[in-house]
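# Sequence and predicted structure are below.
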Amino acid sequence: MKTINKDRILPLLKKYVIFFVLIGLMILFSILTPYFLTVQNITNIFVQQSYVIIAAVGLAFVMIGGGMDLSIGWQMSLVGVVTATLMKNVGLPVPVAVLIGCMLGIVLGLFNGFMAITLKVHPLIVTLGTLTAYQGLSYIAANQSVILNLPPSFKYLGQGYVFGFIPVGVILMLIVVGTGSFILNKTYFGRYVYANGSNEEAAHLAGIDVRKTRLMIFALCGFFVALASMVLFARTGSAAPSTGPGTEFTCMTAAVLGGVSFKGGEGKMWGVVTGVLILGILSNGMQLIGMGTYAQFIVRGGVLLAAVGFDTYQKASAAKVKKMV
Amino acid sequence: MKETVLSTKNITKRYPGVVALNRFSIDFHKGEVHALLGENGAGKSTLIKIIAGAVQADDGTIEINGKSFRKLDPLHAKKNGIEVIYQEFNLVDSLSVAENICLGERHGKFVDHAWMAKKASEVFARMGVDIDPEALVSELPTSRQQLVEIAKAVSKDAKILIMDEPSAPLSVSEVEKLFQIIRTLKESGVTVIYISHRMDEIFEISDRVTVMRDGLYVETLETAKTDRKRLIQLMVGREISDTYPSKRCEIGEVVLEINGLTGSGDTEVSFRLHKGEILGLAGLIGAGRTELARMIYGADKSESGEIIVKGQRVKIHLPSDAIRHGIGLIPEDRKQQGCFLEKPIAWNATIANLRKISRGILLDRKREKEQAEHYVGLFSIKTPSIQQLVKNLSGGNQQKVVLAKTLATNSDILIFDEPTRGIDVGAKQEIYELMAKLSGEGKAILMITSDMAELLGMSDRIIVLSGGRLTGELTKEEFSQVRVLELASNIH
């Protein structure tokens, strides 16, 4: 049993290929620039990516459940602007404003889910509509201006440190990833999420309330997205409606990179986190070696295409092997 | 001597587990209407698909006007004047009627709408129907779409026109119109191959009729010289093998009573199911059997009527309600509805009662494993481990996983919809034994099946649906294929 078996190593390699890509990138950039592998820089990457990871966890639930949410960027914007307004203009205490902001996130998510169910339209289309509506709401809530100087106790969420060296945002991110992973792997609801995504009709016939499951998934996503919004706005220190949008595509790219299936039913939390980190390290590393912003876009696009292509190739060759047997 | 335009010689087609056509030879004459008759699964659809080139035969040849083909593809079939009107529509919804009729044809370098409209109008005039060539297909009712489908085939100047259940979506007057079209075509020398379950139509329109059974050629008769009884006998003809498990226990009290259950259609159904009984639900395709099962199970909405489980009137809105009242469904389509192919056996076998075997909100892996292993052992599911993905199992073993999933909910009333479809013979036997064992344990089973041998071999009692309506009930002593077919085609 001690002999290392090729048949065992190969599937393992394939399964964790994304992880090796991450390690490979880190080694590559460490060689290319001395500024990459420093405590300061690595901490920076984590601080910068923590809100993306939190939002990606929410999106991962929706995608694994067979849906899609294009509106999370504008959800973040709206939640952030409303929370900031409540703190600065209405004068509510910070914890109360944050709580209301989180509840707003849940409501926005629920609305997406509710519309998808009642209109019987794929969430991709529904959220294409709601993202525009949320955009409008966000600009109205901000009264077309930027709210500056958010309270220090709020900014702590994005800029503060615990024990003087662990960023608060990173801690929140770890809690969210842990919670997401726990729900997905350890609870029956997590199993229902996979069931919904992998075969909705079979899930329906197995007695699962697929509508309720979908609503809960979207509510959960809305909550995580609201948390991501808090971390992002607290780091920025001011609230503008243009903060947040774009996150949806980063999250989507990361999720697909991390092995979340577009068709639903497949995906792991660690994969999503690895996906976000790959994108984060790529842009950080490319910046450090002085690559232009636009060239970076090309590389990111190429990475996504390569990842998706590799995945399809793998599945096709697996299917071929099965047929031959 | 009539001229033969199309013939097949020793055509054989195998699908996994079944021989759909077995050394099948048939001749079609010029200018005749030739009906094909047979039960579900007799091989009619396979035959027309092979003639149309949509599927290739494993063996045998097709001769069209003296030319012999070993392999025929759709293009060559069309070139030789063969056109098919399939049961499912092949129209593009978003295009106009004229565009559909002229699909695949060219007139000049650019799209010529005037020419298309003219061509469509000509065909409709020939057929004597009035349809606007400019209308979108999606705007037309189903019966009109069927007429467009027919017009499309007619416009191609087919020499051999195959119609698979063309009258199904048509009203009585439209069927009359269809027959007129067929007669006109016949006079101009077109051969029409007509498939229908409706005996009346076969007697009205066809010159000759060929009976098929289990992929075999039975006999070709001149329609005028035969009658319904004779045809049904020929369709049935087969002896039932006595390989079905014998009777297991006494039939007990009523456990499920359906009173006037109505769905989206306008018909209602009532029947009773007893403890320890296997009740066969027979009917032709489209008779509404699956729809009935799905309504009882709460998978689809019922309009009115009541469901009484063990003397209690129950409300069933969702499958979870049905499961709570002890009703389980083994759905018709194993792969699309029954299981999660990309997930392991253990995952599939526990999904329906997952909440019950969880501790609060937490999954209990140990109990999941125990339950999965229990059923793998009980049903002798052939797999290296319970972590095997269901897609890697054979059809029979997949069905056993679906059964495990359903039984795990402690259902006393089981609805099997086509329990052995697409399963090889050995596995079928195992499923039969499992069903017998379950009914022996006092489970009540409602079995929907299109397999006549299975229906007669397994059932304790049979009810027959036709057009969404119960047309009869047969006790064990009255069982005969002839009776079932008569009731299913609504002849008394």
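That came in fine, so what should we check first? Residues are numbered from 1 along each chain as shown, chains lettered A, B, ... in the order given.
# Following element in sequence after the helix or strand harbouring A:Thr118, please.
Assessed by DSSP states H and E, A:Thr118 sits inside helix A:94-119. Moving toward the C-terminus from helix A:94-119, the next helix or strand (DSSP H and E) is helix A:123-142.
# ok, and what's touching that next one?
With Cβ atoms under 8 Å, 6 or more residues apart in numbering or on different chains as the contact definition, helix A:123-142 has outside contacts at A:62, A:67-71, A:73-75, A:77-78, A:81-82, A:85, A:108, A:111-113, A:115-116, A:119, A:218, A:239-241, A:245, A:248. Where you see a C-beta, it was placed from the backbone N, CA and C, and this is true even at glycine.
# Return the members of these classed as buried.
Neighbour-count burial within these applies to A:62, A:67-71, A:73-75, A:77-78, A:81-82, A:85, A:108, A:111-113, A:115-116, A:218, A:239-241, A:245, A:248; the criterion is 16 or more other Cβ atoms under 10 Å in any protein chain shown.
# Would you agree B:Arg367 is in contact with B:Leu354?
No - contact criterion Cβ atoms under 8 Å: B:Arg367 and B:Leu354 do not qualify, at 10.1 Å.
# Tell me which stretches of chain A form strands.
A:161-162, A:166-167 (DSSP state E).
# Is it possible to get JSON lines of these that adds mean pLDDT and mean neighbour count?
Output for the strands of chain A, formatted as JSON lines (pLDDT from 0 to 100; neighbours: other Cβ atoms under 10 Å in any protein chain shown):
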{"stretch": "strand A:161-162", "mean pLDDT": "90", "mean neighbour count": "13"}
{"stretch": "strand A:166-167", "mean pLDDT": "92", "mean neighbour count": "18"}
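# so where's the chain shaky on pLDDT?
In the absence of a named chain, chain A is used. In the predicted model, chain A carries pLDDT under 70 at residues A:1-8, A:10-11, A:314-325.
# try chain B instead
By pLDDT under 70, the weakly predicted segments of chain B are B:1, B:16-18, B:40, B:238-243, B:247-249, B:264-267, B:424-426, B:491-492.
# middle-most residue in it, spatially?
Taking Cα atoms, centre = their mean, the centroid of chain B lies closest to B:Ile285, which sits 4.4 Å from it.
# Please tell me how far A:Phe182 sits from A:Phe189.
11 Å (Cβ to Cβ, to the nearest Å).
# typed the wrong thing, it's B:Thr262
36 Å.
# do the same with B:Pro245
Taken as Cβ to Cβ, the span from B:Pro245 to A:Phe189 is 41 Å.
# From chain B, how far out is the closest residue in space to A:Pro167 that isn't next to it in sequence?
Distances taken as Cβ to Cβ, 6 or more residues apart in numbering or on different chains put A:Val47 closest to A:Pro167, at 4.9 Å, once the chain neighbours are dropped. According to Cβ to the nearest Cβ, to the nearest Å, A:Val47 and chain B sit 33 Å apart.
# and A:Val47, what is it in contact with?
Residues counted as contacts of A:Val47 (Cβ under 8 Å, 6+ apart) are A:167, A:169-170, A:235.
# Grab the nearest non-local neighbour of A:Arg214.
A:Gly113 (5.3 Å).
# I'd guessed the one you found sits against A:Leu220; true?
No - using Cβ under 8 Å, A:Gly113 makes no contact with A:Leu220, being 9.9 Å away.
# ok, which stretches of chain A are helices?
For chain A, applying DSSP state H gives helices covering A:6-15, A:17-32, A:39-64, A:72-85, A:94-119, A:123-142, A:152-159, A:168-186, A:188-198, A:200-205, A:210-236, A:247-257, A:269-288, A:293-324.
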